[in-house]
Each structure stands twice: as structure tokens, then as C-alpha cells.
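would you be able to build a 3D model of this:
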Amino acid sequence: MGYKAICFDIDGTLYPPKTMHRRLLRLYIRHPFYSSRYNKERAEFRKYQDSFKQDTPLRWREAMIIRNGIGKEPEAPFSDEEYRGEYRELHRRFYDPMGRMYRKTVPFEGVRQTFEKIKAKGLKIGVFTDWPLYSKLQSLGLADLVDFACSSDDAGFLKPDTHCFEYLLYNLNVRPEDALYVGDSYKKDVAGAAGAGMDGVLVNVRRSDLADSGSKYPLAKAVFSDWKDFDAWLCAGMEDD
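Residues are numbered from 1 along each chain as shown. Sure thing, here's the model as predicted:
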């Protein structure tokens, strides 16, 4: 296998996607119209994020597109006071309650054991997530095994932008070809990692998609529907090194 670092997404990768979806649904029910706009503009933001100034903080950009309803940075940016108001609203409706929800999160069975096997082989473990880290790794019981963890807040971009993966690689001090990225989204995780020169593995896919996974997910190094199957594949590869 020959990797020096195994890197992971968090949400929907290390714990069941349905847990994440339930939590997001709770937020959407509380603020349906704001949530719908936020969801739409966040998707648009992924398309246009490179058009923003490199030194513009991620949450500033998010607040701007929610306020202006567009994916691109406006020619006349709104005032600091307007930004602070939109920023406060974004946190009040989403990020603050989301942080409270993640105080208790149960990982897939066997995740910690997989991490322990990786560390026993002398490999680094990295984590990158689009959502804020909060205390997720502590709740999952993995914080002590992770060498470097970061989010889009740190990198300033959302996946699949290559800046995300380059930021992770830089802080792990490994080359792209020496790192494997594991996630539950083909477009954001696997294709994003490939764009940065990394191998990517897709987990938690539907079993019905496994039969023709080669054509559906051509950039994936491997595809799994079950964490145990991923663990077996990874451990076999590490034994061959």
C-alpha cells in the first residue's frame, strides 16, 4: 500500500450518515426558509469559492452569499456592521446549536480499533471536514489518535477544492502520493482528493452500488458499504508493506 498517512472525513464517514441528517433536519425544521436559502447558496458557493479574495475568511464569505443571494463576491461588499449581523445570525441559527448537538456522537463499530491499527503501523492520521470540528473527535473517542485535524474554517475553502487537501497534506508533512483519503462523498472526498494527487476510498455506499462501482466511481481506489470491509482491506494493505 505504501502510505505514510491515512486521512478521513468525519461526518457520514466515521459515524452513520443518518445521525448527521437527523441533526441537520432539526435545524432546518426550526428555520425552514433560512435553511433552504443557506443550503442553496452553500452549494453555489462551492462553484465560485475561488473567485473570492484568498484572505477573505470562510464564514465571511458564507455570510456574504447568504445576505446577497449569489455565489460570487459582490462588487460593493457590505459594511462590517452588516456582516457582523449576518455572521451572528448564521451562528445563532446553525453553528452554535450544531456544536451542542455534537457533544455526543457514536462512531461506527470498529472505528477506534482501525485507528489503533493505523497508529501501530507507524502511520499518521489526518482529518479534514467541511463542517466545524467542534468536539467531534473527543465525542467519537478518537482525538488521542489523530495527528492533525482541521476544517474548512482553517483552510478557507470547502471540499472538493484542492486547497482543502493541500492544507491537510502540508500540516501532516506528507506528499499527495503518500496519503490516502477516506470519505463518504465521491464528488467532495474522492474526486477532491484525486484533484490534489491523493488516492481516495469511498465508504458507506449502498450495497446495490457495489456491483458497478468501477463505472460509477472511477476515481476511487476502493469502494465499501461496510466499515468492517474497509478495515479488512486497509489492514491487508498495511500488512503487505
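
so what's residue 182 bridging to?
residue 8, residue 201 (DSSP bridges).

residues contacting it?
With contacts defined as CB atoms under 8 Å, 6 or more residues apart in numbering, the neighbours of residue 182 are 6-9, 13, 189, 200-201, 203, 230. The C-beta positions use only the backbone N, C-alpha and C, and glycine is treated the same way.

from the residues you listed, which is closest to residue 238?
residue 6 (9.0 Å; CB to CB).

so which helix or strand takes in the closest one?
strand 5-8 (DSSP states H and E).

helices and strands around that strand, which ones?
Secondary-structure packing of strand 5-8 (3 or more CB pairs under 8 Å, 6 or more residues apart in numbering; DSSP states H and E): strand 124-129, helix 162-172, strand 179-183.

out of those, deepest packed?
Mean neighbour count (mean count of other CB atoms under 10 Å) peaks for strand 179-183 among the helices and strands packed on strand 5-8, with a mean of 26.

now find how far off-centre that strand is within its chain.
Strand 179-183 sits 11 Å away from the centroid of its parent chain (CA atoms, centre = their mean, to the nearest Å).

quick one: buried residues of the helix or strand residue 29 falls within?
Using DSSP H and E, residue 29 sits in helix 17-30. By neighbour count with 16 or more other CB atoms under 10 Å, helix 17-30 contains the buried residues 19-20, 23-24, 27-28.

what about it, distance to the chain center?
Here the centre of helix 17-30 is set off from its chain's centre by 16 Å, with CA atoms, centre = their mean.

before we move on, what about stretch 231-239?
23 Å.

residue 134: neighbour count?
Applying other CB atoms under 10 Å, we find 19 other residues in the vicinity of residue 134.

quick one, what contacts it?
By CB under 8 Å, 6+ apart, the contact list for residue 134 reads 98-99, 102.

can you do 10 Å?
Counting by CB atoms under 10 Å, 6 or more residues apart in numbering, residue 134 makes contact with 10, 95, 98-103, 105, 151.
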